[in-house]
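Peer 1: Predicted model and sequence follow; I will ask about them next.
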Amino acid sequence: MTIAVHRRTTWRAVQPDLLVGQEGGDFAGTIEARDGRFTATSGLGRRLGRFRSAAAAQAALEADAAVQAPRSERDARMIQLAIFFTGIAAAGTVAIAAMVTL
């Protein structure tokens, strides 16, 4: 069994000069337009810089969020291992029960 972790950032304009990003159900950050520049701030409140375009600011936020992805991938791997070992334990229980009934 494989558990895939797919992350995709969605953007919403909450005000004419403010975009909010959400990635995988988590707050990814904001992009604020001011004086022809776009300031990107991560979901953890870390300022990532000022950019010439909203697309460049979005790319910076998505790259920053991708750095956080290993935690989710690690969690998915732990779930895989838990399912695997639960299956082994269940198979062992069935095998022991079958031997007892013989």
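Peer 2: It's in. Numbering: from 1, shown residues only.
Peer 1: what about the strands in this structure?
Peer 2: 9-15, 18-23, 26-34, 37-42, 47-51 (DSSP state E).
Peer 1: how about those strands in JSON lines, adding mean neighbour count?
Peer 2: The way it works is simple: take the backbone N, C-alpha and C, and place the C-beta from them, glycine included. Formatted as JSON lines, these follow (neighbours: other Cβ atoms under 10 Å):
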{"stretch": "strand 9-15", "mean neighbour count": "12"}
{"stretch": "strand 18-23", "mean neighbour count": "18"}
{"stretch": "strand 26-34", "mean neighbour count": "18"}
{"stretch": "strand 37-42", "mean neighbour count": "19"}
{"stretch": "strand 47-51", "mean neighbour count": "14"}
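Peer 1: I'd like those strands as a markdown table, with mean pLDDT and distance to A59 appended.
Peer 2: Shown next, in a markdown table, are these (pLDDT from 0 to 100; distance: least, Cβ to Cβ, whole Å):
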| stretch | mean pLDDT | distance to A59 |
| --- | --- | --- |
| strand 9-15 | 89 | 10 |
| strand 18-23 | 89 | 11 |
| strand 26-34 | 90 | 11 |
| strand 37-42 | 94 | 9 |
| strand 47-51 | 94 | 8 |
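Peer 1: need these in JSON lines with distance to E62, can you?
Peer 2: Output for these, formatted as JSON lines (distance: least, Cβ to Cβ, whole Å):
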{"stretch": "strand 9-15", "distance to E62": "5"}
{"stretch": "strand 18-23", "distance to E62": "7"}
{"stretch": "strand 26-34", "distance to E62": "7"}
{"stretch": "strand 37-42", "distance to E62": "10"}
{"stretch": "strand 47-51", "distance to E62": "11"}
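Peer 1: what does stretch 36-50 rub up against?
Peer 2: Stretch 36-50 is contacted by residues 21, 26-32, 51-54, 56-58, 60-61, 64-65 when judged by Cβ atoms under 8 Å, 6 or more residues apart in numbering.
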